[in-house]
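Participant: fold the following for me, if possible:
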Amino acid sequence: MPKKQKIYNVVKFYLSFVLFCVILCLLGPIPAQADFIEIPNPLGDKSITEIIDAVAALLQMIAIGLGIIMVVWSGIMIMTAAGSEEKVTKAKKTLTWTIIGVAIVVSVKFIVGLLLEILV
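Facilitator: Numbering: from 1, shown residues only. A predicted model of the protein is given here:
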C-alpha cells in the first residue's frame, strides 16, 4: 500500500471517529428528560483533597516502616561484613540513602503546607 494511501486511511479513520464521538454526544441523554440515578459515595462525604491527604498519609506510614526495615537491614549488613571494606561501604551507602529518604518523606507534608501558605 502506498504511503499516501496509508495516510489517507489514517485521516479517514480519525475523522470518522471524531464524527462518531460528536454524534454520540449529541444523541446522549438530555438532562431534562433523563432520570438520574444517585450513587452514594462509598468514601463518605470526603472531598478529593481529603482523599489525597489520606492516601498520602498511608504512603508516608508505609515509607517510614520500610525505612525502619532498611535501617535494620543496613545494621545487619555492617555486622555480617566480616571486615570486608566493600560490604561495609555498601551498608553505609544503604544507611545514608535510607536516612535521606525517610527525612524527605517525613518533611514532605511540612514542605507542601509551607508552599501552599506562601502561594495562596
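
Participant: now the lengthiest helix in the chain: how far from the chain's centre is it?
Facilitator: Counting by DSSP state H, the longest helix found in the chain is helix 85-119. Relative to its parent chain, helix 85-119 has a centroid offset of 18 Å by CA atoms, centre = their mean, to the nearest Å.

Participant: give the rounded mean pLDDT of that helix.
Facilitator: Regarding helix 85-119, the rounded mean pLDDT is 89.

Participant: and stretch 56-74, by the same measure?
Facilitator: Mean pLDDT, computed over stretch 56-74, is 92.

Participant: now stretch 19-34
Facilitator: Stretch 19-34 carries an average pLDDT of 66.

Participant: got it, and stretch 4-15?
Facilitator: The pLDDT scores in stretch 4-15 average 79.

Participant: just to revisit the earlier point, which of the residues in the longest helix of the chain are buried?
Facilitator: Using 16 or more other CB atoms under 10 Å as the test for burial, helix 85-119 gives 91, 94-95, 98, 102, 105. C-betas here are computed from N, CA, C, even on glycine.

Participant: do the same with stretch 73-85
Facilitator: Using 16+ other CB under 10 Å as the test for burial, stretch 73-85 gives 74, 77, 81.

Participant: thinking again about what came up before, just give me the closest of the buried residues of helix 85-119 to K12.
Facilitator: Using CB to CB, V105 is the member of these that lies nearest K12, at 51.4 Å.
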